[in-house]
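*Asks:* No sequence on hand, only this structure:
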């Protein structure tokens with residue numbers, strides 16, 4: 001088949017690792033109520049197979065990031081934590097995975113913008129008072 005006989009291919013952008021999980025979580029946080037896989041899929045950009053969305057939901061459930069409740073023959077899913085709590089858990093997990101906790105924290109703090117430094121100092125002072 002020559003060039004003229006080829007079917008046009010639609011270019012698809014490949015998502016980065018974890019990007020789809022992030023999009024699914026964002027849809028659930030935005031909804032504020034448990035959603036089924038079909039409802040989550042409606043909130044996501046592009047066209048994804050139902051099984052793809054369901055696989056991501058089950059993986060997030062297995063990781064303990066989501067809860068689920070019966071909804072008809074399937075499940076409706078909801079995040080265990082809000083976005084701030086989830087992000088804090090990820091940060092803590094990365095920190096725990098570092099070989100030198102002090103070096104990781106020192107490097108993190110050294111790269112904070114001044115506003116974030118001030119906020120961090122304020123939050124630490126509040127924690128000490130409690």
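*Replies:* All right, it came through fine. This is a predicted model, so every value here is computed, not measured.

*Asks:* make it CA atoms for all contacts and neighbour counts henceforth
*Replies:* Noted.

*Asks:* ok, so what distance separates the residue positioned nearest the centre of the chain from residue 29?
*Replies:* Among the residues of the chain, residue 22 comes closest to the average C-alpha position under Cα atoms, centre = their mean, at 3.0 Å. Residue 22 sits at a distance of 10 Å from residue 29 (criterion: Cα to Cα, to the nearest Å).

*Asks:* With residue 60 instead?
*Replies:* For residue 60, the distance to residue 29 - Cα to Cα - is 14 Å.

*Asks:* Same question for residue 80.
*Replies:* Relative to residue 29, residue 80 is positioned 10 Å away (Cα to Cα).

*Asks:* hey, where'd the helices end up in this protein?
*Replies:* Secondary structure of the chain (DSSP state H): helices located at 19-31, 37-43, 50-62, 83-97, 101-110, 114-129.

*Asks:* low pLDDT regions in the protein?
*Replies:* Residue ranges of the chain with pLDDT under 70: 1-13, 17.

*Asks:* ok, 90 please
*Replies:* Applying pLDDT under 90 to the chain flags the ranges 1-18, 46-47, 90, 94, 98, 104, 108, 129-130.

*Asks:* ok, residue 95 - contacts?
*Replies:* 101, 104, 105 (Cα atoms under 8 Å, 6 or more residues apart in numbering).

*Asks:* out of those, who has the most neighbours?
*Replies:* residue 104 (16 neighbours; other Cα atoms under 10 Å).

*Asks:* right, and it touches residue 98 too?
*Replies:* Yes: when contacts are counted by Cα atoms under 8 Å, residue 104 is listed as touching residue 98 (6.8 Å).

*Asks:* what about stretch 64-80, start to end distance?
*Replies:* Using Cα to Cα, first and last residues of stretch 64-80 are 7 Å apart.

*Asks:* residues of that stretch that come out buried?
*Replies:* By neighbour count with 16 or more other Cα atoms under 10 Å, stretch 64-80 contains the buried residues 65, 66, 67, 68, 75, 76, 77, 78, 79.
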